[in-house]
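Engineer: Structure here, sequence nowhere to be found:
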């Protein structure tokens, strides 16, 4: 009966006759169609917005999952190698201790100067001067420069340098210069640097 009444209202209906300021006068079936279209549009818009939000959330979740998997793999690798890291740390501490033990203390410096002098004399060199320069404090150690001037043959000077390098203490050689004195004799000026561990209270 309602459907028949609605169809009767459509007889002779022209869409141009619709009064948008008075929608209440529209035929029932037109109202229903309009409301269905509006409702469908709202549902479609909301669905699209929800899908877009869900897709964005999915992308963020996937990225987070990738990051967490990478972090898990990294930490799992660290945990697997933990014993090896501990052994390596102990080896490094032992090596560091061995190196520190080679650094002379203040009281050993005179002995080092004596060793250098003996190396020069043992190799037939004339020791012209050995002078302890002002020490220089660096971040973890203190550098002790020693200016050395010797005279002798090329072979004797080479043996002297090798002897210095072979000392049980850490000694490095820098800034060497040679001067030809004639008759096969040379004068060598060189800076030997030794090091001592920097104590915490030295700043």
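Structural biologist: Sure, I can see it. If you're wondering where the values come from, they're calculated on a predicted model, not measured in any experiment.
Engineer: isn't there a helix covering residue 130?
Structural biologist: No - assessed by DSSP: H, G, I helix; E, B strand; the rest coil, residue 130 does not belong to a helix; its assignment is strand.
Engineer: Which phi and psi values does the spatially most central residue of the chain adopt?
Structural biologist: The geometric centre of the chain, computed from its C-alpha atoms, lies nearest to residue 74 (C-alpha atoms, centre = their mean), at 15.9 Å. The phi/psi pair for residue 74 (degrees, to the nearest 10) reads phi -60, psi -50.
Engineer: who touches it in this structure?
Structural biologist: Counting by C-beta atoms under 8 Å, 6 or more residues apart in numbering, residue 74 makes contact with nothing. Every residue, glycine included, has its C-beta placed from N, CA and C.
Engineer: what do you get for the one 4 residues further on?
Structural biologist: With contact set as C-beta under 8 Å, 6+ apart, residue 78 has these partners: residue 85.
Engineer: Relative to residue 85, how far out is it?
Structural biologist: 8 Å (C-beta to C-beta, to the nearest Å).
Engineer: helix/strand/coil for residue 178?
Structural biologist: What three-state DSSP gives for residue 178 is strand.
Engineer: Bridging across strands, which residues link to it?
Structural biologist: Assessed by DSSP bridges, residue 178 has beta-bridge partners residue 188.
Engineer: The chain should start at 226 in everything you say after this.
Structural biologist: Renumbered: residue one is now 226, and that last one reads residue 403.
Engineer: Surely it touches residue 415?
Structural biologist: No - look at residue 403 against residue 415 with C-beta atoms under 8 Å: they stay out of range, at 9.3 Å.
Engineer: the more surrounded of the two?
Structural biologist: Neighbour tally, residue 403 and residue 415, criterion other C-beta atoms under 10 Å: the higher count belongs to residue 415, 19 against 12.
Engineer: which ones are touching that one?
Structural biologist: So residue 415 contacts 372, 373, 386, 398, 399, 400, 401, 402 (C-beta under 8 Å, 6+ apart).
Engineer: repeat that for 10 Å
Structural biologist: Remark: with contacts taken as C-beta atoms under 10 Å, 6 or more residues apart in numbering, residue 415 is in contact with 371-375, 382, 385-386, 389, 398-403.
Engineer: Sticking with it, tell me its helix or strand.
Structural biologist: Using DSSP states H and E, residue 415 falls within strand 410-422.
Engineer: Return the distance of that strand from the chain's centre.
Structural biologist: 36 Å (C-alpha atoms, centre = their mean, to the nearest Å).
Engineer: cool, and stretch 264-278?
Structural biologist: With C-alpha atoms, centre = their mean, you get 48 Å for stretch 264-278.
Engineer: Ok, stretch 342-356 next?
Structural biologist: Chain-centre distance of stretch 342-356: 47 Å, with C-alpha atoms, centre = their mean.
Engineer: Check stretch 308-315 too.
Structural biologist: Chain-centre distance of stretch 308-315: 21 Å, with C-alpha atoms, centre = their mean.
Engineer: before we move on, the earlier item: now the buried members of the contacts of residue 415.
Structural biologist: Using 16 or more other C-beta atoms under 10 Å as the burial test, these include 371, 373, 374, 375, 382, 385, 386, 389 as buried.
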